[in-house]
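Engineer: Give me a model of this one.
(one chain, ligands or ions: 1)
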Amino acid sequence: MSFKIAIDAGHGLYTAGKRCLASLDSSETREWTLNSRIAEKLQNLLSNYDVEIIRVDDTTGATDVTLADRCAKANLSNVDLYLSIHHNAGANGTESGGLEVYRHSSCTENGETGLWQTAIYDSLINAGVPQGNRANPKKTADFQVLRNTKMSAILCEMGFMDSSVDTSVILTDKFANKAAQGLCNCLVAKASLAKSDAQSVSNTETQTVSQATKTINQTVETNTAANLPYAVYQVYTKANKWLSNVVDDSDYAGIKRRAIQGLYVNLSAGSVQYQVHTVGGKWLPWVTDRLDYAGVFGKNIDAVRVKLAHANNYSVQCRVAPIGSDYYPWVTDDNDYAGVLGKAIDRIQIRIVNK
Ligand SMILES: [Zn+2]
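Structural biologist: Numbers count the residues shown, from 1 in each chain. Below is the predicted model of the structure:
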């Protein structure tokens, strides 16, 4: 039986308050974005080993899955370890910071959970995660995900989103790689994970999916390095279903020859607004982020407008393709709308670019 792990990227994209301090990061990068980046990198590293992984957060970030649901999912799946990834706050713009790793208050230092805590802390520090100035970096707390999970559960606060020392570090891809590597090293050693031979099994679907994940990761990395957020969007098609989320122009949202009837858009940081026009109809109301979707089920969309909710040093671009034909040109911010009235669209792309 292979080792099972639940990975929990804390919060969701829209969780109030959970973001980097604006004076240290003008994009106010969301905590979930940082948590999820490490979670994804860890998953990629672990894909070389014989281990079962479940993500208990919403990997699109759209929903902040309740803590009760996260625990329930891990408990029902009988995982061997629950690993929650977070970033800290409380430094209030000072130089204070560093890694903190938590176990539940009822667990002893030398019990199974305590041993995981020490192993994970040591491995993260060895991998280069900044130690900072924590007087007590291996703490106990009565956090719900530590209390209500049946297995050993550990929560890592990888660094402070409001520390003048930590913030610029935790925003980098390099840091996320170190954190993921530290977690992976610890799991491989402590759970004695064997290299999997699954890599050699050819499976077209798996390859396509991992290729898509790779492209998305590259987009996320490129934009994060440039300090730009990225767009996450999905469409509802005539065949009565919401398709998967797409990140920037790593792919398009839609299915060729199937009219689009609904649209959801959000950014990894910052806020976006959008509206759609329906064939033979009118412009529907503007929607902000995922507070609603734009569209009316049963009515085909022929044009889309997208704009940033607040002026910034980047722009949002959108382009659409009419059914059976090539894309119309990209439209930047709300200078124009994307589409031709009267022609239903089947593909849409939205991306963030430098001004
Ligand atoms: Zn958190």
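
Engineer: in the chain, what residue is nearest the ion?
Structural biologist: residue 86 (3.5 Å; CB to the ion). In short, each C-beta sits where N, CA and C put it, glycine included.

Engineer: Need the nearest residue in space to the residue lying farthest from the centre of the chain, chain neighbours excluded.
Structural biologist: No residue in the chain sits farther from the centre than residue 280, which is 37.1 Å out by CA atoms, centre = their mean. Once flanking residues are discounted, residue 280 sits nearest to residue 342: 7.4 Å by CB to CB, 6 or more residues apart in numbering.

Engineer: what secondary structure does that neighbour sit in?
Structural biologist: coil (DSSP: H, G, I helix; E, B strand; the rest coil).

Engineer: burial of it, as a residue count?
Structural biologist: Using other CB atoms under 10 Å, residue 342 has 11 other residues around it.

Engineer: show me what contacts it?
Structural biologist: 279-280, 302 (CB atoms under 8 Å, 6 or more residues apart in numbering).

Engineer: Read off the pLDDT value for it.
Structural biologist: As predicted, residue 342 sits at a pLDDT of 95.

Engineer: what residues does the stretch 1-150 of the chain put near the ion?
Structural biologist: Contact residues, the stretch 1-150 of the chain versus the ion (CB under 5 Å from the ion): 10, 86.

Engineer: which residue ranges form the strands in the stretch 1-150 of the chain?
Structural biologist: Applying DSSP state E, counting those that start in this stretch to the stretch 1-150 of the chain gives strands spanning 3-9, 51-55, 81-88, 100-104, 138-141.

Engineer: For the ones you listed, give me CSV that also has mean pLDDT and mean neighbour count.
Structural biologist: CSV is the format used below for these (pLDDT from 0 to 100; neighbours: other CB atoms under 10 Å):
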stretch, mean pLDDT, mean neighbour count
strand 3-9, 97, 24
strand 51-55, 95, 17
strand 81-88, 98, 26
strand 100-104, 98, 24
strand 138-141, 97, 16
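
Engineer: Please report how far the residue of the chain closest to the ion lies from residue 32.
Structural biologist: Per CB to CB, to the nearest Å, residue 86 is found 9 Å from residue 32.

Engineer: any shared contact partners between the two?
Structural biologist: Taking CB under 8 Å, 6+ apart as the contact rule, residue 86 and residue 32 both touch 10-11.

Engineer: can you give me the helices for this structure?
Structural biologist: Remark: helices assigned in the chain by DSSP state H are 31-46, 67-76, 112-126, 144-147, 166-170, 173-190, 204-225.

Engineer: pLDDT weak spots in this structure?
Structural biologist: Along the chain, segments meeting pLDDT under 70 span 1, 197-226.

Engineer: Apply 80 and report the result again.
Structural biologist: Low-confidence segments of the chain, defined by pLDDT under 80: 1, 197-227, 238-241.
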